[in-house]
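Asker: I need the structure of the sequence given here:
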Amino acid sequence: MTENRGVNATKIDVATLIRRGATEPVELIVLSFDNEIYLAEAHLGGQCYGVFQTPSTRLTTRSLAAMKRALEVVPHDKAKLRHQSSYDEMIGNPAATQGVLEVPLVIAQ
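Answerer: Residues are numbered from 1 along each chain as shown. Next up is the predicted model:
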């Protein structure tokens with residue numbers, strides 16, 4: 001749909017995402033980072049949005065199951081899990097541009 005902007009995405013709160021998802025196609029991306037950190041982003045209307053619980057709090061969970069429960073209220077057309085290891089950055093190398101794992105994800109609606 002759109003280029004991944006990851007943690008720098010424009011904000012959208014869950015309530016707005018639910019409202020817009022009722023009339024627009026939504027693609028949910030769950031971003032998985034090392035040490036069990038999960039963030040969500042939504043692609044809709046040609047833009048990438050970081051999903052927020054409140055205007056100042058990013059939707060963050062410590063397990064994939066918890067993230068799926070948080071997103072099951074959002075109408076969506078498809079969902080993916082995207083994982084990228086931060087190992088290269090941890091040892092002082094530039095961030096890897098390859099090696100991103102992306103798989104389809106089922107989130108009950």
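Asker: thinking D13 is in contact with F52, fair?
Answerer: Yes: if you go by CB atoms under 8 Å, D13 and F52 touch, sitting 5.0 Å apart. Backbone N, C-alpha and C define where each C-beta goes, glycine included.
Asker: and the two? which has more neighbours close in?
Answerer: With neighbours defined as other CB atoms under 10 Å, D13 and F52 compare such that F52 has more, 19 against 16.
Asker: I'd guessed the more buried one sits against T60; true?
Answerer: No: with contacts counted by CB under 8 Å, F52 stays clear of T60, the gap being 9.7 Å.
Asker: wait, is R69 part of a strand?
Answerer: No: counting by DSSP: H, G, I helix; E, B strand; the rest coil, R69 falls outside a strand, being helix.
Asker: Show me the beta-bridge partners of the most centrally placed residue in the chain.
Answerer: Against the mean C-alpha coordinate of the chain, by CA atoms, centre = their mean, the closest residue is A40 at 2.4 Å. With DSSP bridges as the criterion, A40 is bridged to V30.
Asker: for the protein, which spans come out with low pLDDT?
Answerer: 1-9, 86-90, 94-99 (pLDDT under 70).
Asker: In it, what residue spans correspond to strands?
Answerer: 10-13, 27-33, 37-44, 47-54, 57-58, 60-61, 78-83, 101-104 (DSSP state E).
Asker: which of these sits most buried?
Answerer: Greatest average neighbour count among the strands of the chain goes to strand 37-44 (a mean of 22), per mean count of other CB atoms under 10 Å.
Asker: other SSEs contacting it?
Answerer: helix 14-21, strand 27-33, strand 47-54, strand 60-61, helix 64-71 (3 or more CB pairs under 8 Å, 6 or more residues apart in numbering; DSSP states H and E).
Asker: A42 contacts L59, correct?
Answerer: No: using CB under 8 Å, A42 makes no contact with L59, being 10.1 Å away.
Asker: between these two, what contacts are shared?
Answerer: Listed as contacting both A42 and L59 by CB atoms under 8 Å, 6 or more residues apart in numbering are V51.
Asker: Quick check: F33 vs V73, distance?
Answerer: Look at F33 and V73: by CB to CB, to the nearest Å, they are 23 Å apart.
Asker: Could you do L39 as well?
Answerer: 17 Å.
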